[in-house]
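J.: Provided below are the primary sequence and the corresponding predicted coordinates.
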There are 2 protein chains.
Amino acid sequence: MAEDRRTRRTRRSLRDGLVALVLERGYAGLTVEDITERADVARATFYSHYRDKDDLFTRVTTELLQELDERMHPLAEETEIGFTGKPLLELFRHAEQERDLYRVILRGEGDGKALRTFHDESVRRVAEVFTARAAHTGAEPRLPAELLARAWVGEQLAVLHWWLEQDPAPMPAEEATRMLLDLAVHGRFWASGYDAST
Amino acid sequence: MAEDRRTRRTRRSLRDGLVALVLERGYAGLTVEDITERADVARATFYSHYRDKDDLFTRVTTELLQELDERMHPLAEETEIGFTGKPLLELFRHAEQERDLYRVILRGEGDGKALRTFHDESVRRVAEVFTARAAHTGAEPRLPAELLARAWVGEQLAVLHWWLEQDPAPMPAEEATRMLLDLAVHGRFWASGYDAST
DNA sequence: TACGTTACTGGACACTCTGTCTGGAACTGG
DNA sequence: CCAGTTCCAGACAGAGTGTCCAGTAACGTA
């Protein structure tokens, strides 16, 4: 009943071929033949696994998101009690392992559909924690939760993307996440001179 | 010597057709004929103005960026002295006027190329102000300027995108930017319970 | 208003890529 | 080993691309 080895090999090759080629030439410029050629697979075989290029990309990113979710899940509970920043570090660790695919997604390849999914999923997770914490502490947030979640995710993904595109990495994952948390909690981008009331 | 009226009309129609159709069906799914049909222009005419679909989109976004730059320029000087948040408000105002095109870009249509350009341009502007301010106050930033700029732009664009996709608008531009500034300056997403040293 | 110039039109062209379908070869798991 | 499946190479019609052309309409200027 287990999956055929040939199937696994073929799918893996197509996935790798796609990711590599998108980084080289961009998603839109690729033909199915480009991908199958790189993967060393017959073009007809492609269509027995995926409907088209978009289908392949969608499935690849969906798998990645599931993988991330499984890593996040055990960390969710403790985060609702005291904010630790562990989920953020886990995200950076995961991205470090799957660097190329993360770069493809964060670049917005595929008309940004994958990025939007990734973004929305992150917002959902963050918003969940926010509301759970609000219920726990009873404190009314100063700003709307939706805006907070969007801003926080935007910050995360922008820094993550920048961090992944650098070569060599400008700093270890621990340091990048520590800085992000510092920023989020304490704010103050500027040393002085801004009056918030204006 | 002035530009021919027919040329202006044709280009404008193609631009409007593109933007409207991308919002309806997504960039990748469009053919040149779809666009020319919507714009009520012969397909051959398209090719006498633009090389291909990408060329049209690139030029449209470039024009938008120039327009934004012209609005930002007079505000740059005073921002380097005391941080006012005026450029941010100007961005939101501009986006409000060109709502549809901004949505197309921020969604990452066109494989994210337009969004990346927009993003990088914003980072460039912000980084400029940061370094100018650092030179002015002499204060050493707590975190690397590059990271600060990326995070700040990520926050801005995420909230801007969210704000533009809502219908009706959840709040006026002034309020959205005020909240963003509040967040950036004072931080503290959470009421309590986080120890930054962990 | 008349005129030379420029832009738009609609149709045709070769070309590339798509998605589907063969029959036969190669490989797999039991 | 063998029944079952996956892979392969090649052929196919259809859609979209980018270019070209000759005829027509609109333009700016004098």
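T.: Structure received. Residues are numbered from 1 along each chain as shown, chains lettered A, B, ... in the order given.
J.: Secondary structure element holding the closest residue to A:Leu18 other than its chain neighbours?
T.: Of all residues not flanking A:Leu18 in the chain, A:Ile35 sits nearest, at 5.4 Å (CB to CB, 6 or more residues apart in numbering or on different chains). From N, CA and C alone the C-beta is placed, and that goes for glycine too. A:Ile35 is located in helix A:32-39, with elements delineated by DSSP states H and E.
J.: Quick check: buried residues in that helix?
T.: A:Asp34, A:Ile35, A:Thr36, A:Arg38, A:Ala39 (16 or more other CB atoms under 10 Å in any protein chain shown).
J.: Can you tell me which of these is closest to A:Arg9?
T.: Closest to A:Arg9 out of these is A:Ala39 (9.6 Å), distances taken as CB to CB.
J.: re the thing from before, ok, so of the buried residues of helix A:32-39, who is nearest A:Glu155?
T.: Among these, A:Ile35 lies closest to A:Glu155 (CB to CB), at 33.9 Å.
J.: list the contacts for the closest one?
T.: A:Ile35 sits next to A:Leu14, A:Gly17, A:Leu18, A:Leu21, A:Phe46, A:Lys53, A:Leu56 when contact means CB atoms under 8 Å, 6 or more residues apart in numbering or on different chains.
J.: Which members of those are the farthest-apart pair?
T.: Pairwise over the contacts of A:Ile35, using CB to CB, the maximum falls at A:Leu21 and A:Phe46, 13.3 Å.
J.: can you tell if stretch A:109-123 touches DNA strand C?
T.: No: on the criterion CB under 7 Å from any atom of the strand, stretch A:109-123 is out of touch with DNA strand C, staying 13.2 Å away.
J.: Show the end-to-end separation of stretch A:26-43, please.
T.: From the first residue to the last, stretch A:26-43 extends over 20 Å; the measure is CA to CA, to the nearest Å.
J.: Which elements pack onto the helix ranked longest in chain A?
T.: Longest helix of chain A, by residue count under DSSP state H: helix A:53-81. Judged by 3 or more CB pairs under 8 Å, 6 or more residues apart in numbering or on different chains; DSSP states H and E, helix A:53-81 is in contact with helix A:5-25, helix A:32-39, helix A:86-97, helix A:99-106, helix A:113-137.
J.: and the angle from the first one to helix A:53-81?
T.: Interaxial angle of helix A:5-25 relative to helix A:53-81 (axes from the mean of the first three to the mean of the last three CA atoms, to 10 degrees): 90 degrees.
J.: before we move on, back to that, what is the mean pLDDT for the longest helix of chain A?
T.: The pLDDT scores in helix A:53-81 average 90.
J.: How about that helix, which residues are buried there?
T.: By neighbour count on 16+ other CB under 10 Å, the buried set for helix A:53-81 is A:53-54, A:56-61, A:64-65, A:68, A:72, A:79.
J.: Stretch A:139-149 too?
T.: Neighbour counts over stretch A:139-149 (16+ other CB under 10 Å) mark A:Pro141, A:Leu147, A:Leu148, A:Ala149 as buried.
J.: How far does it sit from its chain's centre?
T.: Chain-centre distance of stretch A:139-149: 23 Å, with CA atoms, centre = their mean, to the nearest Å.
J.: Any part of it near chain B?
T.: Yes: Stretch A:139-149 comes into contact with chain B (CB under 8 Å from any CB of the partner chain), by way of A:Ala139, A:Pro141, A:Arg142, A:Leu143, A:Pro144, A:Glu146, A:Leu147, A:Leu148.
J.: Now go through the residues you listed and say which are in helices.
T.: Assigned to helices by DSSP H, the following of the residues of stretch A:139-149 next to chain B qualify: A:Glu146, A:Leu147, A:Leu148.
J.: contacting residues around the second one?
T.: Just to be clear, that refers to A:Leu147. B:Val159, B:Trp162, B:Ala176, B:Met179.
J.: Nothing else from me, thank you.
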